[in-house]
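S.K.: one predicted model, sequence on top.
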Amino acid sequence: MGWVNGMGVGIAWMWIFPVLFLTGLALFLGMALRGWGRLFQGFPESPDRKAIPEETSKEILDRRYSKGEITREQYLQMRKDME
């Protein structure tokens, strides 16, 4: 008794769908925010990922000379200045 047009069983289970939806939404937002946090922290190193070493000033100078951005005289003077 107390069932309206046979809908009593359906109404009894209607609470589960909003709970499942909100749980899924919370998990999705948590994962998304965790990913955004990594972006702003500069991707902390993980064991399977090696850090990219920064170029030294000599390596930068060598690269610029090999590309032809500076002359031989400039290259030699800059190397002398670095020592």
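M.R.: Nice, I can see it.
S.K.: quick one: average confidence on stretch 59-71?
M.R.: What stretch 59-71 shows for mean pLDDT is 93.
S.K.: equivalent analysis for stretch 27-36, please.
M.R.: 81.
S.K.: could you dump that stretch to PDB, C-alpha only?
M.R.: Listed next in PDB are the C-alpha coordinates belonging to stretch 27-36 (Å, rounded to 0.1, in the frame of the first residue of the first chain):
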ATOM      1  CA  LEU A  27      36.900  12.200  -8.500                       C
ATOM      2  CA  PHE A  28      37.100  14.000 -11.800                       C
ATOM      3  CA  LEU A  29      37.700  17.400 -10.300                       C
ATOM      4  CA  GLY A  30      40.300  15.900  -7.900                       C
ATOM      5  CA  MET A  31      42.200  14.400 -10.700                       C
ATOM      6  CA  ALA A  32      42.000  17.500 -12.800                       C
ATOM      7  CA  LEU A  33      43.200  19.800 -10.000                       C
ATOM      8  CA  ARG A  34      46.000  17.400  -9.200                       C
ATOM      9  CA  GLY A  35      47.100  17.700 -12.800                       C
ATOM     10  CA  TRP A  36      47.000  21.500 -12.800                       C
END
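S.K.: could you list the domains of this structure?
M.R.: The chain breaks down by automatic domain parsing into domains covering 1-45, 53-83.
S.K.: gap between the two ends of the last one?
M.R.: Looking back up the chat, that one is domain 53-83. Terminal residues of domain 53-83 lie 22 Å apart, using Cα to Cα, to the nearest Å.
S.K.: buried ones in that domain?
M.R.: For domain 53-83, a neighbour-count test (16 or more other Cβ atoms under 10 Å) marks 61, 65, 75, 78 as buried. C-betas here are computed from N, CA, C, even on glycine.
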